[in-house]
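Engineer: My questions are about this predicted structure, shown below with the sequence.
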Amino acid sequence: MAPLTYSIVIPIYNEADNLLALHQQLQAVLGPRPDAYEIIFVDDGSRDRSLAILRQLQHHNPNLRYLSFARNFGHQIAVTAGLQFAQGQAVIVMDGDLQDPPTLIPVLIDHWRQGYKVVYAQRRRRDDSWIKQGTAFLFYRLLRQLTEVDIPTDTGDFCLMDRDVVQLLNQMPEKHRYIRGLRAWVGFPQTAVPFDRPNRFAGTAKYTLRKSLSLAISSILAFSTLPLRLSTYLGLFAAGAAIVMAALTLYWRIVQQSDRLIGFTLITIAIFFIGAVQLICIGILGAYIGRIYEEVQGRPLYTLKELNGFPNQPTHLPP
Ligand code: UDP
Ligand code: MG
């Protein structure tokens, strides 16, 4: 069998209404090209008919393979599993709701042929709600301020990665994965392709506010230790405030012979203030320690209940 040139990795969580249209558009883009390719769908524990549709599509399309998780493990883990199973020289990661247009794939490929190891699609404009657009705008800029890794703004997971990069990502054992960050972290020549992001074809966003928030926190914890140092700054600030209050009190006491400010209110405020600073710092410590704990537990990233269409398919599911 000829070596595969491209793998398309697509995480799927309850996308039954998008799958047929997506598959059709992918065929239209990839079918006429001469290179061998595979499409890997990763079913992230869907509760709708997604898996049944994937089984059917696989039946008729020898280039299509799928894995199915035993439960919902989340988008980043689904992409990770797809990368582990992909065999192509270039791996393209895209969403399953047609927000990442398949027509952009040839453009990504052209840039790869020019020698770029990572070609990521960058949103010029997006049709999401203004809340999502606003928070995303702020978040990407905050993240850039916090980390030393040059994570490009306004990019999603839609990208093409060379095998060298995929191999490096596959060697990273971390559980809390922020693929956009890891992809930038490896280095190599990388470039952006601008595109206008349409609304999803059908269905509702699977990234709830909670999932988005958790990904945002996860990305900051994974790529910055600044919050840990923040405790020191907060502590210094609290100490400074205490010194100023002490000086003021002395001044009023000795120079002005007055006993203002020495009262119940001041003491209460000071106690609450220092308590708050301590709790915030413990919370930040806790966030990092919790992640260390989850990493040392060493559980597998996901559990598989089904896989199909892979050449040399193992007779039993890998752990
Ligand atoms: N997705 C997933 N697991 C999840 C949530 C989402 O595999 O727990 C998939 C989803 O099916 C889609 C992609 O990740 O293919 C992006 O999800 P969504 O469209 O909800 O994100 P958004 O475009 O709103 O950022
Ligand atoms: Mg989407």
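Structural biologist: Thanks, I have the structure now. Bear in mind that the values here come from a model prediction, so they are computed numbers and not experimental data. Ligands and ions are numbered 1, 2, ... in the order given.

Engineer: alpha carbons only for contacts and neighbour counts from here, please
Structural biologist: Noted.

Engineer: The protein against ligand 1: which residues are in contact?
Structural biologist: 11-13, 15, 44, 72, 74-75, 78, 95-97, 205-207 (Cα under 6 Å from any ligand atom).

Engineer: can you name the two of these that are farthest apart?
Structural biologist: Of all pairs drawn from these, the greatest distance, 17.1 Å, lies between 72 and 97 (Cα to Cα).

Engineer: who's more crowded, the two?
Structural biologist: Looking at residue 72 and residue 97 with other Cα atoms under 10 Å, you find the greater number of neighbours at residue 97, namely 27 against 17.

Engineer: neighbours of the closest residue to the more buried one other than its chain neighbours, just the number please.
Structural biologist: Closest residue to residue 97 apart from its sequence neighbours, by Cα to Cα, 6 or more residues apart in numbering: residue 200 at 5.3 Å. Neighbour count of residue 200, defined by other Cα under 10 Å: 17.

Engineer: Could you do residue 214 as well?
Structural biologist: Residue 214 - counted by other Cα under 10 Å - has 11 other residues nearby.

Engineer: Where does it sit, in terms of helix or strand?
Structural biologist: helix 209-223 (DSSP states H and E).

Engineer: report the longest helix in the protein, please.
Structural biologist: helix 264-297 (DSSP state H).

Engineer: by contact count, what packs against the helix or strand following it?
Structural biologist: Counting by DSSP H and E, the next helix or strand C-terminal to helix 264-297 is strand 304-308. Contacts defined by 3 or more Cα pairs under 8 Å, 6 or more residues apart in numbering; DSSP states H and E place strand 304-308 against strand 64-69.

Engineer: Pull the residues that contact the strand it packs on.
Structural biologist: 38-45, 51, 54, 57-58, 302-310 (Cα atoms under 8 Å, 6 or more residues apart in numbering).

Engineer: How much space separates residue 283 from ligand 1?
Structural biologist: The gap separating residue 283 from ligand 1 is 26 Å, by Cα to the nearest ligand atom, to the nearest Å.

Engineer: what secondary structure does residue 125 sit in?
Structural biologist: strand (DSSP: H, G, I helix; E, B strand; the rest coil).

Engineer: what is it paired to in the beta sheet?
Structural biologist: residue 196 (DSSP bridges).

Engineer: What distance do you get for it to residue 199?
Structural biologist: 11 Å (Cα to Cα, to the nearest Å).

Engineer: so what pLDDT did residue 114 get?
Structural biologist: On pLDDT, residue 114 comes in at 94.

Engineer: for residue 146, same thing?
Structural biologist: Value listed for residue 146 in the pLDDT field: 82.

Engineer: do the same with residue 260
Structural biologist: Value listed for residue 260 in the pLDDT field: 64.

Engineer: still on that earlier bit, you'd agree the residue nearest to residue 97 is up against residue 101?
Structural biologist: No: contact criterion Cα atoms under 8 Å: residue 200 and residue 101 do not qualify, at 10.2 Å.

Engineer: For residue 125 and residue 199, indicate the residue with more neighbours.
Structural biologist: The neighbour comparison of residue 125 against residue 199 (other Cα under 10 Å) goes to residue 199, with 16 against 13.

Engineer: Please verify my assumption that that one contacts residue 100.
Structural biologist: No: Residue 199 is beyond contact range of residue 100, at 9.5 Å (criterion: Cα under 8 Å).

Engineer: need the helices for this protein, in chain order.
Structural biologist: 16-30, 50-60, 75-85, 105-113, 130-146, 163-170, 179-185, 209-223, 226-254, 264-297.

Engineer: so who does the residue nearest to residue 97 touch?
Structural biologist: So, once contact is read as Cα under 8 Å, 6+ apart, residue 200 ends up touching 97-99.

Engineer: How much space separates residue 234 from ligand 1?
Structural biologist: Taken as Cα to the nearest ligand atom, the span from residue 234 to ligand 1 is 34 Å.

Engineer: What's the PyMOL syntax to select whichever of the residues of the chain next to ligand 1 are buried?
Structural biologist: In PyMOL, this line selects whichever of the residues of the chain next to ligand 1 come out buried by 16 or more other Cα atoms under 10 Å:
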select buried, resi 11+12+13+15+44+72+74+75+78+95+96+97
